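1. Let me see the structure of the following:
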Amino acid sequence: MNDSNAQTSLDHKLAMPMFVVTLLWLGLAGIAMHLLSDIDGRYVHVSIYCGVAILVLWLAYFAEAITHWRNGSAQMRQHLKICLFPPLRLGCRDHRTGTTVWIPGFGWRVATDDLANEIDFKLSYAMIAMALLVLPLLGVEYVYTDQIKANRTFGLVVQIAQAFIWFAFAVEFLLMITLVSKKIRFIKEHWLDLAIICLPMIAFMRIFRLGGSLRLSRLSKTAKVFRLRGTAMRAWRAILILQIVDRIIHRDPHKRLRVLKNQIAEKKLELESLQEQAALVKNRIAELEESESAVETISDS
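-> Residues are numbered from 1 along each chain as shown. You can find the predicted model right below:
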């Protein structure tokens, strides 16, 4: 569904620019977090620049909220959430019906689980590519460990590559969580994806100097291990999904029909078995009722 009457004129004007702003905000946040995870603290100054840019972009969300408020929008609660946590802007609803969302390549669509599944399927190839980037990145970190420590530029490239992978998973997860109806269930089923997003945030512990440098170093390494592990698990899950889809789409239709017929036959046998069990239980209930009735008759007499 792509109903232009479901959105205001401001929705159409601000949808794409604010989506791009949110991508920039999220990308800068990812870069800052990963640069702060550097044990030697070589990129603190770059993280500060990113932080300043994040604050500047943050003003755009307040400006958008004020603009919609002046336009008489009844959907201001979502802007309060967005001002507190800007990445939620990725799935921002329209300001007329509150049911449609703008997504690049899809336009304005009703936010449903079907749309979430459609996006998940179309992003699966891209997510596989993102996940597979972990393998050469691991190889580079293993082979060029000393060079990464000695060369600040080389180390910066590696950190940004990690941030890029994090960014891809963060965008997918945040977009999906805003579309699905059962959000708690989605989080439970995708807790590893959530871990990929959340664990790099421990890098900010460097700012508060919690626990000393040794403890922070261990925490940073632990975050990296879990982040890579979660990415590998995500790659495995995406590849598995693609394999299933590939079998359904490219399999010979005659073979597919035979498989479906076999499945139908198995279901029929299972149904017959269940019906037999239900009949036995029904007979057992009838016998118990007759026994209870006979006992009551005897007691009355």
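
2. I'd like to know how far residue 64 sits from residue 85.
-> 14 Å (Cβ to Cβ, to the nearest Å). All C-beta spots, glycine's among them, are computed from the backbone N, C-alpha and C.

3. So which of the two has more stuff around it?
-> residue 64 (20 against 10; other Cβ atoms under 10 Å).

4. The more buried one contacts residue 78, doesn't it?
-> No: assessed by Cβ atoms under 8 Å, residue 64 is found out of contact with residue 78, at 11.0 Å.

5. what residues do those two have in common as contacts?
-> Residues touching both residue 64 and residue 78 by Cβ atoms under 8 Å, 6 or more residues apart in numbering: none at all.

6. which secondary structure elements does the strand or helix carrying residue 64 contact?
-> Assigned by DSSP states H and E, residue 64 belongs to helix 44-70. With contacts taken as 3 or more Cβ pairs under 8 Å, 6 or more residues apart in numbering; DSSP states H and E, helix 44-70 sits against helix 9-36, helix 76-84.

7. ok, residue 24 - how many residues close by?
-> Neighbour count of residue 24, defined by other Cβ under 10 Å: 14.

8. so what's it up against?
-> 53, 57 are the contacts of residue 24 under Cβ under 8 Å, 6+ apart.

9. cool, and residue 80?
-> By Cβ under 8 Å, 6+ apart, the contact list for residue 80 reads residue 65.

10. thinking residue 78 is in contact with residue 92, fair?
-> Yes: the pair residue 78 / residue 92 is scored as a contact, 6.3 Å apart, by Cβ under 8 Å.

11. the more surrounded of those two?
-> Neighbour totals were compared for residue 78 and residue 92, and residue 92 leads with 23 against 19 (other Cβ under 10 Å).

12. gap between the more buried one and residue 101?
-> From residue 92 to residue 101 the distance is 7 Å (Cβ to Cβ).

13. ok, back up a step: between helix 9-36 and the helix holding residue 64, find me the angle.
-> Computed by axes from the mean of the first three to the mean of the last three Cα atoms, to 10 degrees, the angle separating helix 44-70 from helix 9-36 equals 160 degrees.

14. got the buried residues for helix 44-70?
-> For helix 44-70, burial by neighbour count (16 or more other Cβ atoms under 10 Å) applies to 46, 47, 50, 53, 54, 57, 60, 61, 64, 65, 68.

15. Average pLDDT for it, rounded please.
-> Averaging pLDDT along helix 44-70 yields 92.

16. With stretch 22-40 instead?
-> pLDDT averaged over stretch 22-40 gives 86.

17. What are the buried residues along that stretch?
-> 22-23, 25-38.

18. For the nearest residue to residue 50 once chain neighbours are set aside, list the residues it contacts.
-> Closest residue to residue 50 apart from its sequence neighbours, by Cβ to Cβ, 6 or more residues apart in numbering: residue 32 at 4.0 Å. Residues near residue 32 by Cβ under 8 Å, 6+ apart: 47, 50, 51, 54.

19. go again using 7 Å as the cut-off
-> 47, 50, 51 (Cβ atoms under 7 Å, 6 or more residues apart in numbering).

20. sorry, back to before: quick check, nearest of the buried residues of helix 44-70 to residue 11?
-> Comparing these against residue 11 with Cβ to Cβ places residue 68 closest, at 8.7 Å.

21. Wait, that closest one touches residue 79, no?
-> Yes: using Cβ atoms under 7 Å, residue 68 is in contact with residue 79, at 6.5 Å.

22. where in the stretch 101-250 of the chain is pLDDT low?
-> 192, 196, 199-250 (pLDDT under 70).

23. give me that answer again for 50
-> Applying pLDDT under 50 to the stretch 101-250 of the chain flags residues 203, 206-216, 225-226, 228-230, 232-233, 235-237, 240, 243, 247.

24. residue ranges for the strands of it, please.
-> Taking DSSP state E, counting those that start in this stretch as the criterion, the stretch 101-250 of the chain carries its strands at 107-110.

25. follow-up on the earlier one: I'd like the contacts of residue 32 as CSV, with distance to residue 129 appended.
-> Shown next, in CSV, are the contacts of residue 32 (distance: Cβ to Cβ, whole Å):
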residue, distance to residue 129
47, 27
50, 25
51, 29
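
26. Figure out which of the helices and strands packed on helix 44-70 is closest to residue 290.
-> helix 76-84 (61.5 Å).

27. Quick check: buried residues in that closest one?
-> Under 16+ other Cβ under 10 Å, the buried positions of helix 76-84 are 78, 79, 82.

28. Can you tell me the centre-most residue of this structure?
-> residue 173 (1.8 Å; Cα atoms, centre = their mean).

29. my guess is that one contacts residue 195, does it?
-> No: applying Cβ under 7 Å as the test, residue 173 and residue 195 come out as separate, 10.4 Å apart.
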